[in-house]
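1. could you look at this predicted model? Sequence included:
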Amino acid sequence: MRRRIATGAVIAAALVFGYHAIFGGNGLNVYEQRRAEDRAVQKKIGELEKENARLDQQVKALKTDPDAIEHEARERLHYARPGK
């Protein structure tokens, strides 16, 4: 009789721990959600790095290229060249 009670207690404990491992605060479901969030954040980081590189190129052009400076000034001030 004791052996059956002990076996039942072990099975119940295993079920509780198994449930917690899957659905608990650090379970598999939460782990998958965190991985999905991580993938989304990594994708956003990649996009922001590309945007940052593009803006860095634009800054370099505005520091050295007179045509880029003129283009930016005309864009911001809504000026047009004579005859255009």
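-> Received, thanks.

2. quick one: the helices in the chain, in order.
-> 2-23, 28-64, 66-77 (DSSP state H).

3. count the neighbours of Tyr19 for me.
-> 11 (other Cβ atoms under 10 Å). C-beta coordinates here come from the backbone N, C-alpha and C atoms, glycine included.

4. now Ile45: how far from Ala14?
-> The gap separating Ile45 from Ala14 is 41 Å, by Cβ to Cβ, to the nearest Å.

5. rewinding a little: in CSV: the helices of the chain, plus mean pLDDT.
-> Shown next, in CSV, are the helices of the chain (pLDDT from 0 to 100):
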stretch, mean pLDDT
helix 2-23, 88
helix 28-64, 95
helix 66-77, 86
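
6. and the residue lying closest to Arg81 once chain neighbours are set aside, how far is that from Lys63?
-> Once flanking residues are discounted, Arg81 sits nearest to Arg74: 7.5 Å by Cβ to Cβ, 6 or more residues apart in numbering. With distances taken as Cβ to Cβ, Arg74 is found 18 Å from Lys63.

7. okay, the two: which has more neighbours?
-> Arg74 (13 against 9).

8. so that one touches Ala80, yeah?
-> Yes - when contacts are counted by Cβ atoms under 8 Å, Arg74 is listed as touching Ala80 (6.9 Å).

9. Ile69: neighbouring residues, count only.
-> 13.

10. hang on, it packs against Leu62?
-> Yes - taking Cβ under 8 Å as the definition, Ile69 is a contact partner of Leu62 at 5.7 Å.

11. identify the contacts common to the two.
-> Residues touching both Ile69 and Leu62 (Cβ atoms under 8 Å, 6 or more residues apart in numbering): there are none.

12. show me the residue at the heart of the chain, geometrically.
-> Centre of the chain computed as the mean C-alpha position; nearest residue by Cα atoms, centre = their mean is Val41, 0.5 Å away.

13. and it, how far is that from Pro66?
-> Counting by Cβ to Cβ, the gap from Val41 to Pro66 is 40 Å.
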